[in-house]
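In: Sequence first, then the predicted structure, then my questions.
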Amino acid sequence: MRAFKTLLAVAALLMAVPASATTITFDTAPLGPGFTGPIHESGFVYQQTYGSLFVNWKGIGGRDLEAQAGTSGGAMVLYRENGGTFLFSSIDFAAYEPGLPQEQALSLVGVTKNGTMFQEYYTIYTTHHRNPTYDNWTTELATMGGLAGLELKSLAIELYSFKDGIPCYGAIDNLVLADPNSNTGVPEPASLALVAAGLMAFGWRRRARKAVA
């Protein structure tokens, strides 16, 4: 019975321990247009690579990074200060447009240790407001076949601010990045299934022994 309780405790710990993650909020970047970087935040560095990006105060609980008005958007690249790898977990994405609603796009391109590139691509319809604001924030998750589970050396993020010649504004906030070397990561579903199967088999064997006795 004691061994069975121990197995249950181990399984509970495996399922309860959160993954070690870092959230990039862009709160350390200077407000206003002309964002270039490099900006250091929570062990990461990010900087603009082309186009024009804007640090605004309309984010979730703080600042956000958006495509600057009057441009076709821009892109930034992010990497670890120590040159290590990381996992992309999620990013908050929103958009608005002062005229008719338009579809906006966000592109994420991750580069692995061997130089292979993988992409996530998201779209969202803008909200329609005379005064610039965001009320359609959505959390975009890493998907299988994209960046899910890949150890990245860098991550390029591109925001678009125009669609069909009409000025639009896209924004990102709360970029969540996980540590692939963490010993406190959430186990994969296959690992959890093995633990559950082992517990079931252990319980069945104990019940069988009692029946024989």
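Out: Nice, I can see it.

In: who's the residue nearest to Asp135 when sequence neighbours are not counted bridged to?
Out: Nearest residue to Asp135 in three dimensions, chain neighbours excluded: Thr127, at 5.6 Å (CB to CB, 6 or more residues apart in numbering). In short, each C-beta sits where N, CA and C put it, glycine included. On the basis of DSSP bridges, Thr127 is bridged to Tyr96.

In: Do I have it right that Thr127 meets Trp137?
Out: No - using CB atoms under 8 Å, Thr127 makes no contact with Trp137, being 10.1 Å away.

In: For these two, indicate the residue with more neighbours.
Out: Trp137 (18 against 15; other CB atoms under 10 Å).

In: give me every residue that touches the closest residue to that one other than its chain neighbours.
Out: Nearest-residue entry for Trp137: Ala94, 4.4 Å, with adjacent residues in sequence omitted and distances by CB to CB, 6+ apart. Counting by CB atoms under 8 Å, 6 or more residues apart in numbering, Ala94 touches 64, 124, 134-138, 170-173.

In: low-scoring pLDDT stretches of the chain, where are they?
Out: 1-19, 69-70, 98-100, 129-132, 162-168, 182-213 (pLDDT under 70).

In: could you pull out the helices for it?
Out: 2-16, 189-212 (DSSP state H).

In: For stretch 113-121, buried residues please.
Out: 118, 120 (16 or more other CB atoms under 10 Å).

In: who touches it?
Out: By CB under 8 Å, 6+ apart, the residues outside stretch 113-121 that reach it are 85, 88, 105-112, 140, 142-143, 146-147, 150-151, 153.

In: go again using 6 Å as the cut-off
Out: With contacts defined as CB atoms under 6 Å, 6 or more residues apart in numbering, stretch 113-121 is touched by 107-111, 146-147, 150, 153.

In: now, among those residues, which is nearest to His40?
Out: Taking CB to CB as the measure, Lys153 is the one of those closest to His40, at 17.3 Å.

In: what about the closest one, how many neighbours?
Out: Counted with other CB under 10 Å, Lys153 comes out at 16.

In: beta partners of Leu108?
Out: Counting by DSSP bridges, the residues bridging with Leu108 are Glu120, Ile157.

In: Distance-wise, check it relative to Gly32.
Out: From Leu108 over to Gly32 the distance is 25 Å, taken as CB to CB, to the nearest Å.
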